[in-house]
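[1] the sequence isn't on hand, but the structure is:
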């Protein structure tokens, strides 16, 4: 087996918390041949980044390899001296970090950081390495490849930085690159061009790679084989197509099934019906900086309107206008046909009660010093005037509704709950006010996919039971597919297109909607290849967005 | 480059404005004295005529706003008024008050020079020493060395300056007569003699300032070493020395400049107590003496000088850290 | 100059020792990773530390020497080493006690506590005890004028001391030991009251500024900027000058003015912190949720913000207390702080400072001023140790 590049056996890693060492990776085996791409997937806390770094013989502060071996091309990385490891890192094994913006040194130009590795390892002279860097930038389709290297990191956009970092990892032509969630922080339209570039360059130089991600659809495009991790344990490993079509383990199956949740389409709304919330020609600004332009849409009873857009599109600002935190400069907002005061301080208690909000980060949305009973009890007492036993009964009822056992949870603090449970408490707090309308601001984007699915199902059930209307803010089109009745697409503070979901997901689209939809990775391993064939490399990502404006 | 110049100009303007407001605060505070200066100078037994004469002489019959601008205008020209202590003496011997009063500026100038010398010597010892220790502690954090320095510096920060001063006197002057315990320096003393006599107060201040500076440097460097780009540099196989010099230091500059300036500003306060302990003829000692005898013009002038130095140091730190920030130096 | 030569030679010897140590380690252990990857600086550090420990042991042995000249010379080092070991043992026993007595919560707290923190807590408890029961503990009253004035400390009649007054008497014949004990009440008590006042002013305004923002925040923040542009000890001295004129011959009034002046100056620092902490909390979504619910200002500050600000505020209280305590001690040392006849440590240090020159032949005499100064230092060190531990705990595993 001269082809074997990396051999990991029984790798165990411990992490220190307080004064004790806890095992966080419980014996992982891994084989990687030259030129092969392995996808390492798992939810948060699966230990996938830790394993990725350990294959470089590196552990973060507070972690240590407690057992097992890592052999790179016959060299034992666990017991190698610091000097031997330094000779390999960057030269034969390279790393691409999740946040390129934080991983480039702000004090040096890109090209200087690019050529540092080759020069220090004695692979190339400085001028050769710079010329090579420009060549790599061109191959990765960075705009203006001759000049972009002479900029500082903060002068370059996120997607471009991520590609520059891939170029930097390539600078010594390593045998192995570890990609640690390289596109997680990017918008979908940007993500796709980074994916295309990475795949192309890895193929061109026949580099082996470990691609770490939590996104199945992404890994399906990139990897030859996939390994699934769960809480530091290996679940299963198979080549990509087998894994996608025929997963063996229950956990893997459940991961695959997440994307299949879809609500039945509801009948069309009566044309004459008064919408619960009507946003009419809203224009808003932060200070003098305009952020929303003439935004209008309606939300009807027991319907979900998904507001979709990338970061900076103004979707969260729209929510702030509706809640009255940011009074619009022009336009107005109607509730049940009645105009609402624009500033929330001018709204009466009943108006405030009718519209509730659920936040993205349950951690910051729940006061960490209050028990669950107090958190849910406060709106019950505040709006409905219940107290004592009645209040407690109502809180227990609400906990039942969100599928948490009342006696077990009522006296706990938020810090004693998991992420999904916290988000459920957020939902219960909104329900406690007995509202007609709830704004859900990216409520699932901080959660793992399985947990997120549970939340979506719960929200759907509550809508059916209580006749709630939702405004669902999200950047994730998979979520839109599963829960929305109507879709509003936003870009740069404007509504680009809106309509019922069935229409929105069928052509013809507005050009931007089309780009957005086509950029969402699918589980099909040929999806990226097909897309590139269909649209051409220059018609994806930022380049395509630029063409539109 | 224009935006960075604009920010610096803004900071400078803000500094001048602060200084102006501070001068108003000091002036107002002094004007809150009960009765008036004249009565204070001459004491309870003075005749009304004498009080009136002094009042006129000091311009106390003018409204406060006029007096403030007169004071400010002359202060800007280096004229800080006349010392009461001298005025008192002058009127006591019956001389014409206006001619014989010693000017505050003349009294302060040589002492200010001495204080600057003391602060300079301290800074020369303390800054390199504490930066070295701070970086070392950050590199070997949680080691025995780090823990020991943590305890030592915490103790040194917590101790009053006079405690450290007496400990040093005890060990370095009394038990082992290496350095003089009194720092009575005068104008034309040879430099090495002057340095020897300044060393003990300088060492005392060094102990306090080093502890502060070292802890802050350590925190800044640890913060920096945790950044992803340092991890990236290590994962590129760069040698540890080069990681520090090429990747950490350029970014550590701003926090380190801040630490140094903050602690030099702290020296200004520390100098007062230490000068009193060692009878060092600096501005701090003069200030304390004047406070005790309520020599208002001197107190006022010293206060203004201390505040100016403090504001200037903070301003310098501000501007230097703006200049050393690559994001501001190379705008988009 | 010989002292410098000794120092340089000593350092060179240690430098060589460091190299030797690492080399020997590598040879003996057969290149174990511990020695193989050891940087030279670390090896140097080990040897340097070992030399210091050996030197201290030697100094301690000398301090017990029969020759009084040698014993006197190393008296203070010997006492310091004894004190350090004694305190360490006391702190260790105290922690042991804390681990076995009390509720499950306090036991858990003591289990993860470093020795420095348990030392700090023990000291704070002792100071509080002395301050509260000063009247019962002190052999004489703090203002009581005794028959003998100017008794030299040390209790040795040959030196002009008196065993009845172990620390001697002052120039008008008050017992210094009693005044030292009463000093705990006065110095610590006044500093505590001042800190509370500073927290009341600064905390209230800081949280109001953070919650309401707008013009109130602007006005207060700018005012605090200006006040903080004047070094605090200097500003305190300036205001004390004026206050002394107001107080006239009423000495107690001056002490009251001092409390107010220092509290106001210090409240600017509290304001900054409270505002910063408040602002961090105010941007949280749960505050937005409460605002959108229609909650009033009182509910927001007391029920939502304050419970989340207690940890940083408590740590800040410790730091502020140290700062106030040191400022008062410094003012008293300079002669413008706590006024006689109240006993106070800062004033005592100044009054006793001359005895330090007796150290060569009568170390007991020279200890008196150091005891008063040490009493100040010990408390601030103790509080700082506890605060350091609290901050470290709340920052979690960041380091």
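    Received the coordinates, thanks. No experiment lies behind these values; they were computed from the predicted model shown.
[2] please make it C-alpha for all contacts and neighbour counts, starting now.
    Fine.
[3] helices or strands next to the one helix or strand residue C:262 maps to in the packing?
    For residue C:262, the enclosing helix or strand under DSSP states H and E is helix C:251-282. Using 3 or more Cα pairs under 8 Å, 6 or more residues apart in numbering or on different chains; DSSP states H and E, the elements in contact with helix C:251-282 are helix C:189-212, helix C:214-228, helix C:232-247, helix C:306-334.
[4] those: which one's closest to residue B:270?
    Closest of the helices and strands packed on helix C:251-282 to residue B:270 is helix C:232-247, at 8.7 Å (criterion: Cα to Cα).
[5] contacts for that closest one?
    Under the criterion Cα atoms under 8 Å, 6 or more residues apart in numbering or on different chains, residues B:29-30, B:32-34, B:269, B:288, B:291-292, B:294, B:299-300, B:303, B:306, C:253-254, C:257-258, C:261-262, C:265-266, C:327, C:331, C:336 lie in contact with helix C:232-247.
[6] buried ones among the residues you listed?
    Buried members of the contacts of helix C:232-247, scored by 16 or more other Cα atoms under 10 Å in any protein chain shown, are B:29-30, B:33, B:269, B:288, B:291-292, B:294, B:299-300, B:303, B:306, C:253-254, C:257-258, C:261-262, C:265-266, C:327, C:331, C:336.
[7] next SSE after the worst-scoring helix or strand of chain B on mean pLDDT?
    Least confident element among the helices and strands of chain B, by mean pLDDT, DSSP states H and E: helix B:97-100 (a mean of 40). Using DSSP H and E, the helix or strand that follows helix B:97-100 in sequence is helix B:104-139.
[8] per-residue confidence averaged over that next one?
    Taken as a whole, helix B:104-139 has a mean pLDDT of 88.
[9] C-terminal to that helix, which secondary structure element comes first?
    Heading C-terminal from helix B:104-139 (DSSP H and E), you reach helix B:144-158.
[10] any residue of that next one touching chain A?
    No: Helix B:144-158 is not in contact with chain A by Cα under 8 Å from any Cα of the partner chain; minimum separation 15.9 Å.
[11] and residue A:413, what does it touch?
    A:368, A:369, A:370, A:371, A:372.
[12] quick one, phi psi at it?
    Dihedral pair for residue A:413: phi -100, psi 160, per degrees, to the nearest 10.
[13] repeat that for residue C:129.
    phi -60, psi -50.
[14] report how many residues lie close to residue B:178.
    15 (other Cα atoms under 10 Å in any protein chain shown).
[15] picking up where we left off before, got the helices and strands packed on helix C:251-282 as CSV, with mean pLDDT columns?
    Converted to CSV, those look like this (pLDDT from 0 to 100):
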stretch, mean pLDDT
helix C:189-212, 92
helix C:214-228, 88
helix C:232-247, 85
helix C:306-334, 89
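[16] any idea which of the ones you listed gets closest to residue A:253?
    Closest approach to residue A:253 among those is made by helix C:306-334 (42.1 Å; Cα to Cα).
[17] in contact with residue A:262, which residues are there?
    Per Cα under 8 Å, 6+ apart, neighbours of residue A:262: A:481, A:482, A:483.
[18] you'd agree residue C:22 is in a helix?
    Yes: secondary structure assignment places residue C:22 in a helix (DSSP: H, G, I helix; E, B strand; the rest coil).
[19] please report how far it lies from chain B.
    Plainly put, residue C:22 is 17 Å away from chain B if you go by Cα to the nearest Cα, to the nearest Å.
[20] shouldn't that residue be in contact with residue C:42?
    No: assessed by Cα atoms under 8 Å, residue C:22 is found out of contact with residue C:42, at 9.2 Å.
[21] so the two - more neighbours on which side?
    residue C:22 (23 against 14).
[22] list the contacts of that one.
    By Cα under 8 Å, 6+ apart, the contact set of residue C:22 is C:35, C:38, C:40, C:43.
[23] confirm for me that the third one is in contact with residue C:17.
    Right, residue C:40. No: using Cα under 8 Å, residue C:40 makes no contact with residue C:17, being 10.8 Å away.
[24] residue of the stretch 351-500 of chain A nearest chain C, please.
    residue A:365 (4.2 Å; Cα to the nearest Cα).
[25] which residues of the chain score low on pLDDT?
    Just going to use chain A. For chain A, the stretches with pLDDT under 70 are A:1-2, A:18-19, A:258-261, A:541, A:543, A:546-549.
[26] switch to chain C, that's the one I care about
    In chain C (pLDDT under 70), the answer is C:1, C:154-155, C:159, C:395-399.
[27] what do you get for chain B?
    Judged by pLDDT under 70, the stretches of chain B that qualify are B:1-2, B:34-46, B:57-60, B:82-102, B:332.
[28] ok so, going back, pick out whichever of the contacts of residue C:22 sits closest to residue C:79.
    Distances from residue C:79 to the contacts of residue C:22, taken as Cα to Cα, are shortest for residue C:43 (30.7 Å).
[29] quick check, residue A:15 in a strand?
    Yes: counting by three-state DSSP, residue A:15 is found in a strand.
[30] so for it, what's the nearest residue that isn't a sequence neighbour?
    residue A:63 (4.3 Å; Cα to Cα, 6 or more residues apart in numbering or on different chains).
[31] same check, this time on residue C:382
    residue C:120 (3.8 Å).
[32] does the one you found lie in a helix or a strand, and which?
    Per DSSP H and E: helix C:115-132 holds residue C:120.
[33] next SSE downstream of that helix?
    Following helix C:115-132 in sequence, per DSSP H and E, is helix C:134-137.
[34] state the distance from residue B:259 to residue B:311.
    Going from residue B:259 to residue B:311 by Cα to Cα, to the nearest Å gives 15 Å.
[35] my guess is residue A:307 is in a strand, correct?
    Yes: read with three-state DSSP, residue A:307 is one of the residues of a strand.
[36] quick one: contacts for it?
    A:315, A:471, A:472, A:473, A:474, A:487, A:488, A:489, A:490 are the contacts of residue A:307 under Cα under 8 Å, 6+ apart.
[37] okay, those in CSV with neighbour count, distance to chain B and secondary structure next?
    Listed next are those as CSV, based on neighbours: other Cα atoms under 10 Å in any protein chain shown; distance: Cα to the nearest Cα, whole Å; DSSP: H, G, I helix; E, B strand; the rest coil:
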residue, neighbour count, distance to chain B, secondary structure
A:315, 29, 26, helix
A:471, 24, 37, strand
A:472, 27, 34, strand
A:473, 25, 31, strand
A:474, 24, 29, strand
A:487, 25, 36, strand
A:488, 25, 33, strand
A:489, 23, 30, strand
A:490, 23, 27, strand
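[38] identify, from the contacts of residue C:22, the entry nearest to residue B:172.
    Nearest to residue B:172 among the contacts of residue C:22 is residue C:43, at 29.8 Å by Cα to Cα.
[39] neighbours of the residue in the stretch 1-150 of chain C that chain A sits nearest to, how many?
    Relative to chain A, the nearest point of the stretch 1-150 of chain C is residue C:37 (7.1 Å; Cα to the nearest Cα). By other Cα under 10 Å, 14 other residues sit near residue C:37.
[40] can you read off the backbone torsions of it?
    phi -90, psi 10.
[41] kindly report the same for residue B:279.
    Backbone geometry at residue B:279, expressed as degrees, to the nearest 10, gives phi 50, psi 50.
[42] contact partners for it?
    B:182, B:183, B:184, B:285.
[43] now render these as TSV, adding secondary structure.
    Below are those laid out as TSV (three-state DSSP):
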residue	secondary structure
B:182	coil
B:183	coil
B:184	coil
B:285	helix
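[44] nearest to residue A:248, out of those residues: which one, please.
    residue B:285 (83.4 Å).
[45] starting at the chain centroid, how far to stretch B:55-69?
    Between the centre of stretch B:55-69 and the centre of its host chain there is 30 Å, according to Cα atoms, centre = their mean, to the nearest Å.
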